[in-house]
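Student: Model the following, please.
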Amino acid sequence: MSDKNAALVNDDIAEEIRLELYRSQYLIRVSEQRAYDLFLQNLVKGTSHLSLGQEAIAAGFGVAMQKDDKSFCTYRGHAHTLARGASVRGVIGELMQRDCGLMRGKGGSMHLTDVDNGVMGSYAIIGAHLPMAVGSAWRAQYLGQDDVTTVFFGDGTTNIGAFHEALNYAVVFKLPVVFVCENNNYMEYTPIESITAVKNPAADRASAYGLESIIIDGNDADIVYRTAQDAYKKAREGNGPSLIECKTYRHSGHSRADPGSYRPKGEVEYWKENNDPIKRYKERLAEFLIDASKVKKIESDIIKEVDEATEFAKKSPMPPESILTENVYSDGGWAWRN
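Tutor: From the prediction side, this is the model:
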């Protein structure tokens, strides 16, 4: 196994990139906390799955991606959607099932999609989106296009058959796809070690498909960003897929209905105090003597943006019944084959 952390030094990332990495993480944190607050007000319908504590992964990959790159994610997809540049109004509006939502309220929290920004969907069925991502990468290879597909998934997905099928196919055909496992220590409510035969559910299986075993600190946005750059370079040069396991931790329960009582006492508090990605990154910005006023402006601008988006969504109407059957069916004919 390669130790990606050992060779990483903090002297090769430009200030504007670091500020963008912080902006993306902070936007996700504020937006996710707002989603939780709106749920308590009964304004977010259905269930929701927050990425509080996991922001560095979405931010690091999102900043490293090119505009035309594609991304697929799980039901825990708010962070990845925002990291690609989707509007805050659109995301919050969708969570509130308003007409201003990304999908005009038809998708909700678990099905965020923004094709214009390369967000090819969030998927509620565990593992179902990995073969889709492989198909997206195959399309790029077949058409000679330069985009790379990234697929984000949780540690629980590694015990699903589609994970293994997708990896095998991607390696065989050297497809431009990056598999990113967000390992937050729990497969929903179950500790990994109690249900999985290997310690590192993604990386320890990489060798079975001829891939390098890559494990990184998923709470360090710099490390995530650099690792993403390496994977995208490999894919664009025609050298096939990468499998990256990002170690992280979610501050909230699996979903809104989960109080997290299965976690040991003090565990959440320990991670918040000692390994919060945003706290760590803000300290790093200070270490690099980046002007504190720039950081404060990012924070104040984001709070204002989220506040304005929230009020806009609250005032936005519910979608009309007339859109119920819009965008449900696609032309299933033969024309697409050409």
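Student: residues in contact with residue 103?
Tutor: 94, 111-113 (CB atoms under 8 Å, 6 or more residues apart in numbering). Every residue, glycine included, has its C-beta placed from N, CA and C.
Student: If we use 10 Å, what do you get?
Tutor: Residues counted as contacts of residue 103 (CB atoms under 10 Å, 6 or more residues apart in numbering) are 90, 93-94, 97, 111-114, 121, 319, 323, 327.
Student: could I get these as TSV with neighbour count and pLDDT?
Tutor: Output for the contacts of residue 103, formatted as TSV (neighbours: other CB atoms under 10 Å; pLDDT from 0 to 100):
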residue	neighbour count	pLDDT
90	22	97
93	25	96
94	28	95
97	22	94
111	17	92
112	25	94
113	19	94
114	21	96
121	20	94
319	19	94
323	14	90
327	9	78
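Student: Redo those as CSV? Include distance to residue 56 and secondary structure.
Tutor: Supplementary listing: the contacts of residue 103 in CSV, determined by distance: CB to CB, whole Å; DSSP: H, G, I helix; E, B strand; the rest coil:
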residue, distance to residue 56, secondary structure
90, 23, helix
93, 26, helix
94, 24, helix
97, 29, coil
111, 24, helix
112, 20, coil
113, 23, coil
114, 21, strand
121, 23, strand
319, 34, coil
323, 36, helix
327, 33, coil
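Student: Can you lay out the residues you listed as TSV showing distance to residue 128?
Tutor: TSV is the format used below for those (distance: CB to CB, whole Å):
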residue	distance to residue 128
90	23
93	25
94	20
97	23
111	12
112	15
113	14
114	19
121	10
319	25
323	25
327	19
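Student: Among these, find me the one that's closest to residue 218.
Tutor: residue 112 (20.8 Å; CB to CB).
Student: check contacts around the closest one.
Tutor: Contacts for residue 112 (CB under 10 Å, 6+ apart) come out as 73, 75, 77-78, 80-82, 86, 90-91, 94-95, 101-103, 119, 121-122.
Student: cutoff 7 Å now
Tutor: The contact partners of residue 112, by CB atoms under 7 Å, 6 or more residues apart in numbering, come to 77-78, 81, 91, 94, 102, 119, 122.
Student: Same question for residue 259.
Tutor: Contacts of residue 259 by CB under 7 Å, 6+ apart are residue 253.
Student: Can you tell me which of the contacts of residue 103 is closest to residue 234?
Tutor: residue 121 (24.6 Å).
Student: Hmm, that closest one is touching residue 71, no?
Tutor: No. Look at residue 121 against residue 71 with CB atoms under 7 Å: they stay out of range, at 9.1 Å.
Student: got the buried residues for stretch 206-225?
Tutor: 206, 209, 211, 213-225 (16 or more other CB atoms under 10 Å).
Student: for it, what is the average pLDDT?
Tutor: Stretch 206-225 carries an average pLDDT of 97.
Student: how about the residue nearest in space to the middle of the chain, what does it touch?
Tutor: Centroid-nearest residue in the chain: residue 80, 3.4 Å away (criterion: CA atoms, centre = their mean). Listed by CB under 7 Å, 6+ apart, the contact set of residue 80 reads 58, 71, 73, 152.
Student: again with residue 189
Tutor: Taking CB under 7 Å, 6+ apart, we find residue 189 in contact with 254, 258, 262.
Student: Assign a three-state SS to the last one, would you?
Tutor: I take that to be residue 262. Classification of residue 262 by DSSP: H, G, I helix; E, B strand; the rest coil places it in coil.
Student: so where do the strands sit in the stretch 201-338 of the chain?
Tutor: With DSSP state E, counting those that start in this stretch as the criterion, the stretch 201-338 of the chain has strands at 214-217, 242-247.
Student: Distance from the chain centre to the shortest one, please.
Tutor: So the one you mean is strand 214-217. Counting by CA atoms, centre = their mean, to the nearest Å, strand 214-217 is centred 16 Å from the centre of its parent chain.
Student: Does anything pack onto that strand? Which helices or strands?
Tutor: helix 221-236, strand 242-247 (3 or more CB pairs under 7 Å, 6 or more residues apart in numbering; DSSP states H and E).
Student: for those, which one ends up most surrounded?
Tutor: Using mean count of other CB atoms under 10 Å, the stretch among the helices and strands packed on strand 214-217 with the largest mean neighbour count is strand 242-247, at a mean of 25.
Student: For the strands of the stretch 201-338 of the chain, could you give me TSV that also reports distance to residue 148?
Tutor: As requested, those are arranged in TSV below (distance: least, CB to CB, whole Å):
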stretch	distance to residue 148
strand 214-217	16
strand 242-247	10
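Student: Between those, which one is closest to residue 133.
Tutor: Of all those, it is strand 242-247 that lies closest to residue 133, at 12.4 Å by CB to CB.
Student: Show me what the mean pLDDT comes to for that closest one.
Tutor: Mean predicted confidence for strand 242-247 is 98.
Student: Now do that strand against helix 221-236, angle only.
Tutor: Orientation check (axes from the mean of the first three to the mean of the last three CA atoms, to 10 degrees): strand 242-247 against helix 221-236 gives 170 degrees.
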